[in-house]
Structures are given as structure tokens and as C-alpha cells.
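1. Test case, fold it:
(one chain, ligands or ions: 1)
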Amino acid sequence: MSKKIVVVGGCGHVGLPLAMAFADQGCEVISYDLNPAAVSLVNDGKMPFLEPDSEAVMKRIRDAKTFSASTDPAVISQAEVLIVVIGTPVDEHLNPDAEAVPAAVAALGPYLRDGQLLILRSTVYPGVTKLVERRLSKLGHKVDIAFCPERIAEGKAFTELYSLPQIVSGCSEKAVERASEVFSFLTKQLVVTTPEEAELAKLFTNTWRYIKFAAANQFFMIANDYGIDFDKVRNAITFDYPRALDMPGPGFAAGPCLFKDTMQLAAFNNNNFTLGHASMMVNEGLPLYLVSRMEERFELSTLKVGILGMAFKSESDDIRSSLSYKLRRILRFKADEVLCADPYVTDDPTLISQEEVIRQSDVLVIGAPHNVYKGLITKTPVIDVWNLLGNGTVI
Ligand SMILES: NC(=O)c1ccc[n+]([C@@H]2O[C@H](COP(=O)([O-])OP(=O)(O)OC[C@H]3O[C@@H](n4cnc5c(N)ncnc54)[C@H](O)[C@@H]3O)[C@@H](O)[C@H]2O)c1
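-> Below is the predicted model of the structure:
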């Protein structure tokens with residue numbers, strides 16, 4: 001039976017595709033969001049960011065009239081199911097904000113109705129689900145509370161929302177049953193855990209990936225310092241060798257999730273997280289490493305350096321926590337001038353066209369491995385840790 005769902009943070013990078021997916025399954029969905037510009041775009045049938053396959057879904061749910069967006073918190077009262085998927089970043093001192101989700105839920109207080117199911121979906125500091133339950137029950141709210149973490153990757157939402165198993169946890173059996181029913185609209189594979197297990201499962205998932213990228217980046221630096229092309233070493237390791245097939249290549253490991261979730265986990269463990277902190281040093285150090293190697297090859301202070309790709313990953317327009325910007329900051333200090341381009345990024349007026357960057361630069365650096373750079377033909381030297389151009393990764 002279809003559900004009335006309100007997604008809180010429903011115009012964000014993961015909230016919006018989720019809301020649209022439920023609406024596409026016939027549920028009546030409202031995206032509630034504090035961002036009026038995003039709400040207005042969404043109500044005009046436009047996406048505030050790139051997400052492949054979103055156009056067709058948006059058209060279907062607009063035709064079916066199962067979806068809308070709103071900045072009015074009164075819509076909360078209309079829901080049978082509330083799903084909270086607001087952002088949960090760490091602050092400038094790398095501290096998680098354990099109050100982000102409880103505070104957002106508290107703000108919904110006047111609009112909550114007894115009998116609603118409240119599903120937390122943001123990546124939370126461990127213990128937040130039970131904290132939300134304690135606070136709401138102290139205020140006399142009779143809502144079922146579940147925690148069902150989001151594990152999709154941006155750019156794969158409309159595949160992964162249906163293909164990934166969903167971890168479901170709740171503060172009561174009823175909450176688990178109700179949340180399972182909700183996610184059965186998207187997938188038949190549910191993994192039931194306690195809220196604490198689910199909270200750790202999500203943080204471990206992202207941290208695991210972050211550590212793997214750090215290992216690859218450190219291997220790259222070791223090989224490179226020895227004058228060896230890591231791409232060749234990696235090919236030798238992974239060729240027909242199943243136990244190493246998941247070894248990533250080197251590159252900027254950045255974006256709004258992996259780093260901050262590793263730091264959330266470190267904070268949760270009283271900052272005793274050697275592996276997590278070491279991974280941060282390696283991954284966040286890669287732009288510095290590249291520039292120091294470039295300084296050995298080039299007289300940077302006399303040169304114009306071009307960065308191609310400012311998004312935090314390939315085929316994305318998302319610049320949140322992108323290491324290309326750290327690279328730009330370092331290069332602005334060292335080089336004569338830094339010019340940047342990205343075919344997808346639309347919200348940075350300092351970017352210029354790719355043609356202009358290539359025309360003016362003395363050295364180019366690939367900052368995000370967009371597919372379009374694979375065919376790049378230029379006589380200008382290119383620093384390319386992803387080996388997109390096929391000339392090796394030695395710097
Ligand atoms: N981006 C990803 O790939 C990804 C993947 C899995 C999980 N997550 C997790 O999902 C959560 C959301 O991430 P995101 O990337 O979608 O963030 P986002 O910033 O793109 O979206 C969050 C949305 O919530 C809105 N918002 C903030 N506070 C609100 C409030 N109190 N009431 C209503 N709306 C509010 C914002 O305006 C924004 O539109 C985070 O916890 C993140 O760690 C993200």
C-alpha cells in the first residue's frame with residue numbers, strides 16, 4: 001500500500017533522489033527543505049545538481065502528481081513516514097556535530113503527530129538514534145524511530161537505490177517492521193541490525209573506502225619517489241589476481257562523505273584512530289605531494305598552471321570538499337597564475353573554459369578524472385595521477 005512520505009532535507013544530494021524514487025513507486029512524497037532556491041527549482045521540475053537518469057524520473061512523478069517540494073514545515077504533519085536526510089558535516093576543527101540531527105528533529109516537534117514513523121537516514125554520530133528517541137519520548141511524542149543509513153554514491157542514485165541492500169534498524173520491533181515495509185518499495189534485500197550496529201556499519205563503510213584510497217595513494221607516492229610508474233605495478237598486481245582486484249588507483253579521495261565520516265569515527269573513538277588519521281594525512285597530503293614533485297620538474301613561479309576538473313570526483317558537478325580546490329590554493333601560492341576549468345561545475349564563477357585553460361597553461365594538472373579528458377591531445381605537460389591520458393603516472 002502506498003505511503004505518505006515527507007523527506008526532510010529532501011532537495012539535497014541524497015534526499016532528493018530518495019524522495020523521487022519513492023514517488024516513482026507510487027508513494028505520495030513531499031521534499032521538505034530549508035533551501036528555497038532548491039525547492040523552487042525542484043517544483044519547476046529541475047534538478048539542483050547533476051544526477052544521471054533523474055530527468056525521466058522527474059517527468060514521470062510530475063505527470064503522476066506524486067511529488068512536490070516545500071519550505072513549509074507544516075507539511076510534516078501530513079506524513080505517515082518522515083525520513084530525515086539533512087547534511088552532517090564535521091566543523092573546521094574536524095569535530096562532528098552530534099546535535100545536527102537531534103536539533104533538526106527538535107525543530108519538527110510542533111508538527112509531529114503521534115503514530116508517525118521517523119526514519120533517520122543521515123550519516124550520524126553513533127548514539128544519535130537513541131538520543132533522538134530519548135528526547136522525543138521526554139517531550140511526550142509517540143513516534144516510532146528507525147535508523148536506515150543511505151549508502152548510495154552520488155551519480156549512481158537511480159541504480160543503487162534499487163540495487164543496494166538496505167540496512168534497517170529501529171528503536172523497537174514495530175519501528176523495524178514499519179521501516180522495512182517502507183524500504184520494500186525500493187529493494188527486497190533488507191539487513192536488520194540494532195541502531196548502534198547500523199550507525200557503525202555506515203561509518204565503517206565509508207572509512208573502509210577512505211583507508212583503501214589512502215593505501216593506494218601511499219603506494220603511488222612510494223613507487224613514484226623510486227621513479228616507478230605505479231599504474232604498471234598496480235596492473236601487474238591486479239591482473240587475474242582476485243585477492244587484489246579491489247585495489248584502487250591513486251587520486252584525490254575527497255568529497256562530502258569519506259573524510260568527514262572517518263573523522264566522525266575518530267572522534268567517536270576518543271581520537272584513537274591511528275589508521276583513520278594516517279589515511280587523512282595521506283589523502284589530504286596528495287595535492288601537496290604533487291606540487292612538491294612539480295616544483296622539482298618546473299620553475300613554477302614563472303609558469304601558468306591549469307587545473308582540469310574541479311569537482312570532487314568524475315562526472316560530477318559537486319565541488320564540496322574537493323581536493324582540486326586545495327591544489328588550487330597551494331598552486332596560487334607557488335605558481336605565476338592558476339587557471340581552472342570543469343565541464344560540469346556551474347556554481348564557481350572563477351572557472352573559465354577548458355579550451356582557454358589549455359591554451360594559456362604551461363603545465364596542466366588533472367584534478368578530477370572526468371571521462372572527457374581521456375582523449376586529451378596536447379603538447380603541454382600534464383600531471384595525471386589517474387593515467388587518463390595513458391602516458392603513465394610518474395611525476
Ligand atoms: N552525498 C552523498 O553521496 C551521500 C551518500 C550517502 C550518505 N550521505 C549522507 O546523507 C546526508 C545528506 O548528505 P547530502 O550530501 O545529501 O547533503 P546536502 O547538503 O546535499 O543535502 C542536505 C539538504 O538538507 C537541507 N537541510 C538542512 N537542514 C535542514 C533542516 N533542518 N530541515 C530541512 N532541510 C534541511 C539542506 O538545505 C540540503 O538541501 C549526510 O549525512 C551525508 O553524510 C551522503
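2. How much space separates the residue of the stretch 151-300 of the chain at minimum distance from the ligand from residue 323?
-> Relative to the ligand, the nearest point of the stretch 151-300 of the chain is residue 154 (4.0 Å; Cβ to the nearest ligand atom). Just so you know, the C-beta spots here come from the backbone N, C-alpha and C atoms, and that holds for glycine as well. From residue 154 over to residue 323 the distance is 16 Å, taken as Cβ to Cβ, to the nearest Å.
3. same check, this time on residue 194
-> For residue 194, the distance to residue 323 equals 35 Å [Cβ to Cβ].
4. between these two, who's got more neighbours?
-> Taking other Cβ atoms under 10 Å, residue 194 and residue 323 do not tie; residue 323 has more neighbours (23 against 15).
5. so what's that one scoring on pLDDT?
-> pLDDT for residue 323: 98.
6. Equivalent analysis for residue 2, please.
-> As predicted, residue 2 sits at a pLDDT of 83.
7. next one: residue 155
-> What the model reports for residue 155 is a pLDDT of 97.
8. picking up where we left off before, got a list of what the nearest residue to the residue of the stretch 151-300 of the chain closest to the ligand once chain neighbours are set aside touches?
-> Leaving aside its chain neighbours, residue 154 sits nearest to residue 13 (5.5 Å; criterion: Cβ to Cβ, 6 or more residues apart in numbering). Residues in contact with residue 13, defined by Cβ atoms under 8 Å, 6 or more residues apart in numbering, are 49, 51, 154, 256, 318.
9. Surely the fourth one and residue 319 touch.
-> The one in question is residue 256. No: at 9.8 Å, residue 256 and residue 319 do not qualify as touching, with contact defined as Cβ atoms under 8 Å.
10. okay, and the common contacts of these two?
-> Residues touching both residue 256 and residue 319 (Cβ under 8 Å, 6+ apart) are residue 312.
11. Where do the strands of the stretch 51-200 of the chain begin and end?
-> 67-70, 81-84, 117-120, 144-147, 166-170, 190-193 (DSSP state E, counting those that start in this stretch).
12. Show me what from the stretch 251-395 of the chain comes close to the ligand.
-> Residues of the stretch 251-395 of the chain lying near the ligand by Cβ under 6 Å from any ligand atom: 256, 257.
13. The same query, at a cut-off of 5 Å, please.
-> By the rule Cβ under 5 Å from any ligand atom, the part of the stretch 251-395 of the chain lying against the ligand is residue 257.
14. The stretch 251-395 of the chain: helices as residue ranges?
-> Secondary structure of the stretch 251-395 of the chain by DSSP state H, counting those that start in this stretch: the helices cover 258-268, 274-297, 323-334, 354-360.
15. Let me have those in CSV, extended by distance to residue 205.
-> Formatted as CSV, these follow (distance: least, Cβ to Cβ, whole Å):
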stretch, distance to residue 205
helix 258-268, 8
helix 274-297, 13
helix 323-334, 21
helix 354-360, 34
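16. Of those helices, which stretch is the most buried?
-> When the helices of the stretch 251-395 of the chain are scored by mean count of other Cβ atoms under 10 Å, the highest mean neighbour count falls to helix 258-268 (a mean of 23).
17. That helix - contacts with which helices or strands?
-> helix 195-225, helix 274-297 (3 or more Cβ pairs under 8 Å, 6 or more residues apart in numbering; DSSP states H and E).
18. could you redo these as TSV and give each row mean pLDDT and distance to residue 22?
-> Shown next, in TSV, are the helices and strands packed on helix 258-268 (pLDDT from 0 to 100; distance: least, Cβ to Cβ, whole Å):
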stretch	mean pLDDT	distance to residue 22
helix 195-225	98	20
helix 274-297	98	34
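19. got a markdown table for those, with distance to residue 236 too?
-> Listed next are the helices and strands packed on helix 258-268 as a markdown table, based on distance: least, Cβ to Cβ, whole Å:
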| stretch | distance to residue 236 |
| --- | --- |
| helix 195-225 | 11 |
| helix 274-297 | 22 |
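20. Ok, which of those comes nearest residue 377?
-> Proximity to residue 377 (Cβ to Cβ) singles out helix 274-297 among the helices and strands packed on helix 258-268, at 21.0 Å.
21. list the helices and strands that closest one packs on?
-> The helices and strands touching helix 274-297, judged by 3+ Cβ pairs under 8 Å, 6+ apart, are helix 195-225, helix 258-268, helix 323-334, strand 363-366.
22. so the residue of the stretch 151-300 of the chain closest to the ligand sits right up against residue 314, yeah?
-> No: applying Cβ under 8 Å as the test, residue 154 and residue 314 come out as separate, 10.9 Å apart.
23. which of those two has more neighbours?
-> residue 154 (24 against 17).
24. Now do the buried residues in stretch 104-116.
-> For stretch 104-116, a neighbour-count test (16 or more other Cβ atoms under 10 Å) marks 104, 105, 108, 111, 112, 116 as buried.
25. Let me see the residues that make contact with it.
-> By Cβ under 8 Å, 6+ apart, stretch 104-116 touches 8-9, 73-77, 79-82, 84, 86, 118, 120, 132, 135-136, 139, 141-144.
26. one more time with 10 Å, if that's ok
-> 4, 6, 8-9, 32, 34, 72-82, 84-88, 99, 118, 120, 122, 128, 131-132, 135-136, 139-145, 178 (Cβ atoms under 10 Å, 6 or more residues apart in numbering).
27. Could you tell me which of these count as buried?
-> Here, 16+ other Cβ under 10 Å leaves 6, 8-9, 32, 73, 75-76, 79-82, 84-88, 118, 120, 122, 128, 131-132, 136, 141, 143-145, 178 buried among the contacts of stretch 104-116.
28. and the ligand, which of those residues contact it?
-> Among these, proximity to the ligand is found for 8, 9, 86, 87, 88, 122 (Cβ under 5 Å from any ligand atom).
29. Please identify which two of those residues are farthest apart in space.
-> Longest distance between any two of those is 12.7 Å, between 8 and 88; criterion Cβ to Cβ.
30. and residue 316, how many neighbours does it have?
-> A count of neighbours around residue 316, defined by other Cβ under 10 Å, yields 24.
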